[in-house]
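Visitor: Pasting the sequence and the predicted model now:
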Amino acid sequence: MMRKCYLLGVLALGMNVGMLSLNADASESPHILGGSLGYGSQEFETKTGKYDAGDTVNGDLYYRYMLNENVGFEAGYLAGSGGIVSAMVSTISEIKNLSYNGVRTTAYGEYALSRGNSLYAKLGAAYTQVSYEINKQDMDSDDVGFYGAVGWQYRFKSGFGLNLDYQYIPMKELELQGINFGMSYRF
């Protein structure tokens, strides 16, 4: 799955190679602030085995600087915890109170389909901290690893944008996959 996400991201970024310039489009600001909320699955792995940790509810806040109309860089904060299914599973599971948060930085590439309508990919790294309880003992771990997302967005002339993406974040003990809905503003 990670290879598919990586290949989609490389393909989206590769489409932009011929369009690179070092100046942002003069008619639009290069600054974008955004955020998203999502829902997905999480799989937890310890030395004693793998656990289906159920579902995850997450949030993501970010700042993006566009180098030109197709390529930019992004810095963000992400956090999440188990959803309804995870709450039910935790009553019979050894893993309880699973949550995570972290920071990320990514390269961003976008391919315009029409005015305001585009596909995008984000590839980069995330530093994450995972907290959970196992056998009535609190545990914490941290990791630096891959962060990837592919999605679709629509940006209105006002600068307001809506997006839908698939995120993949594999960590040392936790693997997250999910769909996020977000909003952003170009200022």
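Guide: Structure received. Quick caveat: nothing in here was measured; it's all calculated off a predicted structure.

Visitor: Do a quick rundown of the helices in this protein.
Guide: 2-14, 84-90 (DSSP state H).

Visitor: and Gln137, how many neighbours?
Guide: Gln137 is flanked by 7 other residues according to other C-beta atoms under 10 Å. Where you see a C-beta, it was placed from the backbone N, CA and C, and this is true even at glycine.

Visitor: Can you give me the distance of it to Ser131?
Guide: To Ser131, Gln137 is 12 Å away according to C-beta to C-beta, to the nearest Å.

Visitor: What's opposite the nearest residue to Thr128 once chain neighbours are set aside in the beta bridge?
Guide: Spatially, and ignoring its direct neighbours in sequence, Thr128 is nearest to Gly102 (3.4 Å; C-beta to C-beta, 6 or more residues apart in numbering). Counting by DSSP bridges, Gly102 is bridged to Leu78, Thr128.

Visitor: ok, back up a step: ranking the helices of the chain by mean pLDDT, which is last?
Guide: The weakest mean pLDDT among the helices of the chain belongs to helix 2-14, with a mean of 43.

Visitor: Quick check: which ranges of this protein have low pLDDT?
Guide: For the chain, the stretches with pLDDT under 70 are 1-26, 52, 90-92.

Visitor: Show the residue spans covered by the strands in it.
Guide: Listed in chain order, the strands of the chain (DSSP state E) span 31-46, 49-66, 71-82, 95-114, 117-134, 137-155, 160-170, 174-186.

Visitor: Any chance of CSV for these, columns distance to Val89?
Guide: Conversion of the strands of the chain to CSV gives the following (distance: least, C-beta to C-beta, whole Å):
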stretch, distance to Val89
strand 31-46, 10
strand 49-66, 4
strand 71-82, 8
strand 95-114, 8
strand 117-134, 13
strand 137-155, 17
strand 160-170, 20
strand 174-186, 14
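
Visitor: To Met88, which of these lies closest?
Guide: Among the strands of the chain, strand 49-66 comes nearest to Met88, with 7.4 Å by C-beta to C-beta.

Visitor: List the strands paired with that closest one, with their directions.
Guide: Strand pairing for strand 49-66, determined by DSSP bridges: strand 31-46 (antiparallel), strand 71-82 (antiparallel).

Visitor: What residues of it count as buried?
Guide: Buried positions in strand 49-66, judged by neighbour count with 16 or more other C-beta atoms under 10 Å: 51, 53-60, 62, 64, 66.

Visitor: try stretch 89-102
Guide: Across stretch 89-102, burial judged by 16+ other C-beta under 10 Å covers 89-90, 93, 95-96, 98, 100-102.

Visitor: could you dump these to CSV with distance to Ser158?
Guide: Below are the buried residues of stretch 89-102 laid out as CSV (distance: C-beta to C-beta, whole Å):
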residue, distance to Ser158
Val89, 43
Ser90, 43
Ser93, 46
Ile95, 44
Lys96, 45
Leu98, 39
Tyr100, 34
Asn101, 31
Gly102, 31
